[in-house]
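A.B. asks: sequence and predicted structure below; questions after.
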Amino acid sequence: MLDVENLNVYYGAIHALQGVSFNVEEGEIVTLIGANGAGKSTTLRTISGLLRSRTGHVKFKGMDISMMPAQQIVRLGASHVPEG
């Protein structure tokens, strides 16, 4: 259902995500845990289309959504609901 492969995301010269890969099957529950600054929010923002990765891709239901705008990703049924 969700495939994330080799995401590398930068904030300017800062390499924030380095080769992040994982997949989530339909009906599966997955959590991202880590210390502050570990890349959890950056990962979610990249999946949601709010950030772009330099390399890698994100597929949702078999469709590459890596370059889609956030509003189009939401229409496909994927959304990011931040805490707070």
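C.D. replies: Yep, that arrived.
A.B. asks: quick one: end-to-end length of stretch 30-37, please.
C.D. replies: End-to-end distance for stretch 30-37: 19 Å, by CA to CA, to the nearest Å.
A.B. asks: neighbouring contacts of that stretch?
C.D. replies: Residues from elsewhere that reach stretch 30-37 (CB atoms under 8 Å, 6 or more residues apart in numbering): Phe22, Val24, Lys40, Thr43, Leu44. Any C-beta I mention is one placed from the backbone N, CA and C, and that applies to glycine too.
A.B. asks: same thing but at 10 Å, please
C.D. replies: Leu2, Ala16, Val20, Phe22, Asn23, Val24, Ala38, Gly39, Lys40, Ser41, Thr43, Leu44 (CB atoms under 10 Å, 6 or more residues apart in numbering).
A.B. asks: so how far is the helix or strand harbouring the last one from its chain's centroid?
C.D. replies: Read it as Leu44. Taking DSSP states H and E as the definition, Leu44 sits inside helix 40-47. On the basis of CA atoms, centre = their mean, to the nearest Å, helix 40-47 sits 5 Å off its chain's mean C-alpha point.
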